[in-house]
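# need coordinates for the below:
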Amino acid sequence: MRQFKQLATFIRQKLGFGAVVMLVSAGAMAQGLPSGTFATVNGQPLSDALLDVNVRANVARGQADTPQLRQALQNEIIGREVLAQEAQKLKLEQTAQAQAQWQQMEQNFLANLLLNHYSTNNPVTEDQIKAEYEKFLQEVKGEKQYKLSLIVVPTQERARQIIADLQKSKDAAKLFADIAAAESTDPSKDQNGALDWLLPQQMVPAVGNVVVNLGKGQVTAAPLQTRLGWNVVRVDDVRDFTPPAMKEIESQLRQAAAQQQLSNYIQSLQEKAKIVR
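Okay, the predicted model is just below:
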C-alpha cells in the first residue's frame, strides 16, 4: 500500500510537471498564432473577442477577471471547438431537428441583440419616468394597505383545525403566534407569522381577493390554497396607502418605462411586418 501511494504521488508530480511544460510550449507557440486569436483547433482560429465574451459573462456572475479564469475559459472554449468540429464531421447539424434548434437560437440571439441596441440608443427620459409615476398614482389611488399574520401548513385538514381552534380560543392572538412559530412553513414563522404592510396586488390572488373583504382582527373563514401550501391569514391592521415619493421608486419607474418603451417598439415592428399565416 505504501508503494502504491508513493507511485500515485510520483505520477501526480510528473503530470503536474508535464502540464507546466505544455503551458510553456503553448506560450512559445502563441507567437505564430493569427492576430487577435488565442488558439487554433485544426487550423480554425479562436478569437480573443470570443474569449472576452466568455470572460464578461463570468464576471457578470460575480467571478473575478484573473489569469486563472482566462486560462480555464480558454481550455473550455478549445474543448467546445473540438466537439463542434467533430459534430460537423458527422453532419449532425444538418438534421431537421438540429436546423430548427439552430433557427430558434439564432432568433433569440438576434432579437436580444436588437432590443439591447434599441435600449442603448433610446434611454428612458425624465418625462417617461414622470408618466410612469402618474400612472402608478392612479393605480393605487384609494388603495388600502394590510398588515397580515400568516400560517402555512401542508394539509387542508390541519389548516381547518387551526381555524377552528382560533375561533374557540380566549386568546386567539397568542395561539396564532404560537402555532405560526411552531408549525408554519413560511419564513414569517420567525416573526410569529407577522408580515410587512402589503397592498392587495402584492399578494397572491388567492389571498388578496379574500383579505380585502376582511376587517381588522378577522381570520379567513376557510384555508386558502397557494403553491406553498394551505394558508390561514389574519388581518392585524388596515390603513390608507400613502404612495412613496417619485425619487424613492425611481429605479422601478425607470425599469417600467423601459419595458413599456420596448413593448411599443416591438408592436410597431410587428405592425409594419408583412405576416402571412
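
# strands of the chain, start to end?
37-41, 44-47, 144-153, 194-198, 224-226, 229-240 (DSSP state E).

# tell me the buried residues in stretch 55-65?
Buried residues in stretch 55-65, counted by 16 or more other CB atoms under 10 Å: 55, 58. All C-beta atoms are positioned from the backbone trio N, CA, C, and that covers glycine.

# now that stretch: how far from the chain's centre is it?
Centroid separation between stretch 55-65 and its chain, computed with CA atoms, centre = their mean, to the nearest Å, is 16 Å.

# contacts for it, please.
Under the contact criterion CB atoms under 8 Å, 6 or more residues apart in numbering, stretch 55-65 has outside partners 69, 70, 73.

# ok, residue 276 to residue 99 distance?
For residue 276, the distance to residue 99 (CB to CB, to the nearest Å) stands at 21 Å.

# quick one: which of these two has more around it?
Comparing residue 276 with residue 99 by other CB atoms under 10 Å, the one with more neighbours is residue 99, at 11 against 3.

# and the chain, what are its domain boundaries?
For the chain, the structural domains run 1-32, 36-94, 112-142+247-277, 143-240, going by automatic domain parsing.

# which among the strands of the chain is found nearest to residue 172?
Smallest distance to residue 172 across the strands of the chain (CB to CB): 8.2 Å, for strand 229-240.

# please save the CA atoms from that closest one in PDB.
Extracted in PDB, the C-alpha atoms of strand 229-240 (Å, rounded to 0.1, in the frame of the first residue of the first chain):
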ATOM      1  CA  GLY A 229     -49.500  25.100   1.000                       C
ATOM      2  CA  TRP A 230     -52.700  25.900   2.900                       C
ATOM      3  CA  ASN A 231     -52.800  29.400   4.400                       C
ATOM      4  CA  VAL A 232     -54.500  30.700   7.400                       C
ATOM      5  CA  VAL A 233     -54.500  34.500   7.300                       C
ATOM      6  CA  ARG A 234     -55.400  37.100   9.900                       C
ATOM      7  CA  VAL A 235     -55.800  40.800   9.200                       C
ATOM      8  CA  ASP A 236     -53.900  42.700  12.000                       C
ATOM      9  CA  ASP A 237     -54.500  46.200  10.800                       C
ATOM     10  CA  VAL A 238     -55.700  48.200   7.800                       C
ATOM     11  CA  ARG A 239     -54.600  51.700   6.700                       C
ATOM     12  CA  ASP A 240     -54.800  54.100   3.800                       C
END
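
# quick one: neighbours of the residue nearest to residue 42 when sequence neighbours are not counted, just the number.
Nearest residue to residue 42 in three dimensions, chain neighbours excluded: residue 85, at 6.1 Å (CB to CB, 6 or more residues apart in numbering). Per other CB under 10 Å, the neighbour tally for residue 85 reads 13.

# quick one: pLDDT of the most centrally placed residue in the chain?
Closest residue to the average C-alpha location of the chain: residue 61 at 11.7 Å, with CA atoms, centre = their mean. Confidence at residue 61, expressed as pLDDT, is 95.
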